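K.L.:
Sharing a sequence plus its predicted fold:
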Amino acid sequence: MNFITRCITIIAISSCAAGALARDDVKEFSIADALATEQAKNILGSDIKFYFGEQSHGAVVKKFGEFGTNKKTNGVGKSDREACEWAFLSAMKSLRDRAQREGANAVVNIRSNYRNVTNSSTETFRCGAGNIMVGVALLGDAVQLK
């Protein structure tokens, strides 16, 4: 084999090996733990209230619609929990910002929507964790509560 053919073969084999080592885990983390941090309180503030899954809330006066968000962050050098909580806060901030733009005072029925698989929970959110990136996708209904 000549030099160019050997180089191409080595590159092709290396590419296949790297793909075999890729990680794509779906994990669940505590909503309460993620929201209890000082960082979460600073990012989200208190103007918009959040209700996950079937959590009870006041009467809905007006619905503005269902909105989704899909946020990713770099997971290199971070634990899955640390990176997933950061992506979760970013997704929550996006829901908050949308609710504010619509004139809502709450987001209800918040649920995970990772890879378009919806999971409703009052306790956990889902996060996709890979070797390099992590992501959190959420859906929620922006509403005006009484």
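P.N.:
Yep, that arrived. Residues are numbered from 1 along each chain as shown.

K.L.:
okay, CA-based contacts and neighbour counts for the rest of this
P.N.:
OK.

K.L.:
for the helix or strand where residue 64 lies, which positions count as buried?
P.N.:
Per DSSP states H and E, residue 64 falls inside strand 60-74. For strand 60-74, burial by neighbour count (16 or more other C-alpha atoms under 10 Å) applies to 66, 67, 68, 69, 70, 71, 72, 73, 74.

K.L.:
ok, residue 127 touching residue 138?
P.N.:
No: the criterion here is C-alpha atoms under 8 Å, and residue 127 misses it with residue 138 at 9.9 Å.

K.L.:
shared neighbours, those two?
P.N.:
By C-alpha atoms under 8 Å, 6 or more residues apart in numbering, residue 127 and residue 138 have these common neighbours: residue 114.

K.L.:
Give me the more crowded residue out of these two.
P.N.:
Under the criterion of other C-alpha atoms under 10 Å, the comparison of residue 127 against residue 138 puts residue 127 first, with 29 against 26.
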